[in-house]
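Peer 1: mind folding the following:
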Amino acid sequence: MNAIRSTHDNTALAASASGSEGGELTGGLTFLLAAVAGLGVAALYYTQPMLAVMAADLRVSPAALGAVPMLTQLGYAAGILLLAPLGDRLDRRRIILAKTATLAGTLAVAAFAQGITVLLAASFVLGLAATLAQDVVSSAATLAPERSRGRVVGSVMTGLLLGILLSRAVSGLVAQYFGWRAMLGLSAVGMVAAMVPVWRLLPSLRVTTRLPYGELLRSLGGLWRRHPELRRAAWAQGLLAVGFSAFWSSLALMLSAEPFRLGSAAAGAFGLAGAVGALAAPLAGRLADRRGPAWVTRICSALAVASFAGMLGACWLEPRAQLAAMALAVVGFDLGVQATLIGHQTIIYGLDAEARSRLNAVLIAAMFAGMSLGAGLGGVLLQAAGWKGVMALATVSSAVAFALRLPRGSRP
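Peer 2: Numbering: from 1, shown residues only. Reported below is the predicted structural model:
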């Protein structure tokens, strides 16, 4: 009887929530959501171009600081699995505000850290709180009308992706001239400033389930078993993330060594090249509305494979030619990986309107598990096999992701 009542309540809640979709989303609110998503997720990546600078200041080896991006990604993956599902049970507006405040405080703690232990602990908590970006994306998908959901998700994801890519450019530049602590402190101030417009403009969002927290988490497994398209999207995006993260987490260390001997600003400049790709990512949302999201995932994952393979081949060029080839390839693989993510999100948001936060949680957790694996393997391969090893990993993992996106009859 309780199960019947629970099902009835959840159906009513879902219908109520569905009825409000599209009624409160304006262009200004879409822009705000894109900006907040970008600021939140950027906190995950500030440290990547600054690792060499941080190692010198804290008097530890760059290899030891490789645990910072790894723990940040692990924290994000854990937050996606443990916290993001709450978006179906609680008002996402309150969740976003609470996580924004937590993120601001954690960034401040990291900025004043005097030892690696505090920094590592802060990195994990930072990852947990940065999951506010995914709450923002789910909120946009809920508020958007179905006919334009791909476009709206694409617009908000563009803000998120620009946050990822520009964070590296900004942090590399700030760290070189003002120090890494200044960058983290500036980010903390930015998060505090973001809370005001969110509090004033973001409407409360109706919950879609009354499942207790434990059942909510257990339902993730049910969603995984019930939806083969969710499994396919999660595996493919996770594999693309391995190569994506291996590149970005190893880049600063590679550029600081022979024959390049470049500083953190150079590593950050590659983020600007990647931003060009992210700016084109909204096209993926529009194409998903017109041609279908599965088509987008096939084309864009193929672009990622070609870009990583091109960088692998460029390893045999002279240094300046290699850097030029890398800058070009960064545009390609960033566009490919991010546009594939938009296609995957469009696919899963159409599977079950009652469970969008949980569906997104599974997809993004898989992606950040891949990112954590890529960050760890990237550092190991850079030391053991050089940049060729890192690029070989990225090429192979993205090729497997592309194979997963092929129509069933076309797969090898």
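
Peer 1: and the residue lying closest to residue 199 once chain neighbours are set aside, how close does it get to residue 36?
Peer 2: In space, and not counting its chain neighbours, residue 199 is closest to residue 97: 6.2 Å by CB to CB, 6 or more residues apart in numbering. All C-beta spots, glycine's among them, are computed from the backbone N, C-alpha and C. Using CB to CB, to the nearest Å, residue 97 is found at 10 Å from residue 36.

Peer 1: those two: which is more packed in?
Peer 2: The residue with more neighbours, out of residue 97 and residue 36, is residue 36; 27 against 17, by other CB atoms under 10 Å.

Peer 1: is the more buried one in contact with residue 137, as I believe?
Peer 2: No: the criterion here is CB atoms under 8 Å, and residue 36 misses it with residue 137 at 10.4 Å.

Peer 1: where does the chain dip in pLDDT?
Peer 2: Applying pLDDT under 70 to the chain flags residues 1-24, 62-63, 277-278, 280-282, 408-412.

Peer 1: show me which residues of whichever strand or helix holds residue 271 are buried.
Peer 2: Per DSSP states H and E, residue 271 falls inside helix 264-279. Across helix 264-279, burial judged by 16 or more other CB atoms under 10 Å covers 264-275, 277-279.

Peer 1: now do the shared contacts for residue 97 and residue 36.
Peer 2: Residues within reach of residue 97 and of residue 36 at once, by CB atoms under 8 Å, 6 or more residues apart in numbering, are residue 198.

Peer 1: wait, which of the buried residues of helix 264-279 is closest to residue 250?
Peer 2: Closest to residue 250 out of the buried residues of helix 264-279 is residue 267 (10.0 Å), distances taken as CB to CB.

Peer 1: how close does the closest one get to residue 112?
Peer 2: The gap separating residue 267 from residue 112 is 24 Å, by CB to CB.

Peer 1: and residue 299, by the same measure?
Peer 2: Distance of residue 299 to residue 112, computed by CB to CB: 46 Å.

Peer 1: ok, those two, which is more surrounded?
Peer 2: A direct count of neighbours by other CB under 10 Å for residue 299 and residue 112 places residue 299 higher, at 17 against 11.

Peer 1: for that one, what is the enclosing helix or strand?
Peer 2: Element membership for residue 299 (DSSP H and E) is helix 293-314.

Peer 1: distance from whichever helix or strand comes after that helix to the middle of the chain?
Peer 2: Following the chain from helix 293-314 toward its C-terminal end, the next helix or strand by DSSP H and E is helix 319-349. Relative to the centre of its chain, helix 319-349 is centred 13 Å away, using CA atoms, centre = their mean, to the nearest Å.

Peer 1: and the helix or strand following helix 319-349, what does it pack onto?
Peer 2: Going down the chain from helix 319-349, the next helix or strand is helix 356-405, by DSSP H and E. Here helix 356-405 touches helix 67-82, helix 132-143, helix 213-226, helix 228-256, helix 293-314, helix 319-349, going by 3 or more CB pairs under 8 Å, 6 or more residues apart in numbering; DSSP states H and E.

Peer 1: output the ones you listed in TSV, with distance to residue 162 appended to each entry.
Peer 2: Below are the helices and strands packed on helix 356-405 laid out as TSV (distance: least, CB to CB, whole Å):
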stretch	distance to residue 162
helix 67-82	18
helix 132-143	12
helix 213-226	29
helix 228-256	15
helix 293-314	17
helix 319-349	10
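
Peer 1: deepest of those, which one?
Peer 2: Scoring those by mean neighbour count under mean count of other CB atoms under 10 Å gives helix 132-143 as the most buried, with a mean of 27.

Peer 1: and the closest residue to residue 234 other than its chain neighbours, what is it in contact with?
Peer 2: Excluding the flanking residues, the one nearest residue 234 by CB to CB, 6+ apart is residue 366, at 3.7 Å. Neighbouring residues of residue 366 by CB under 8 Å, 6+ apart: 234, 235, 237, 238, 241.

Peer 1: would a markdown table of the residues you listed with distance to residue 359 be doable?
Peer 2: Output for the contacts of residue 366, formatted as a markdown table (distance: CB to CB, whole Å):
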| residue | distance to residue 359 |
| --- | --- |
| 234 | 10 |
| 235 | 15 |
| 237 | 13 |
| 238 | 15 |
| 241 | 17 |
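
Peer 1: closest to residue 343 out of those?
Peer 2: Nearest member of the contacts of residue 366 to residue 343, counting by CB to CB, is residue 237, at 9.5 Å.

Peer 1: distance check, the closest residue in space to residue 233 that isn't next to it in sequence against residue 401.
Peer 2: Nearest non-adjacent residue to residue 233, counting by CB to CB, 6+ apart: residue 344, 4.0 Å away. Using CB to CB, residue 344 is found at 10 Å from residue 401.

Peer 1: and if you look at residue 371?
Peer 2: Distance from residue 371 to residue 401, by CB to CB: 13 Å.

Peer 1: same thing with residue 69?
Peer 2: Going from residue 69 to residue 401 by CB to CB gives 21 Å.

Peer 1: and for the residue nearest to residue 43 when sequence neighbours are not counted, the neighbour number?
Peer 2: Spatial nearest neighbour of residue 43, chain neighbours left out: residue 130 (5.1 Å); criterion: CB to CB, 6+ apart. Residues lying near residue 130 (other CB under 10 Å) number 30.

Peer 1: roughly how far does residue 130 sit from residue 136?
Peer 2: When distance is defined by CB to CB, residue 130 is 11 Å away from residue 136.

Peer 1: what do the two both touch?
Peer 2: The contact sets of residue 130 and residue 136 overlap at residue 40 (CB under 8 Å, 6+ apart).
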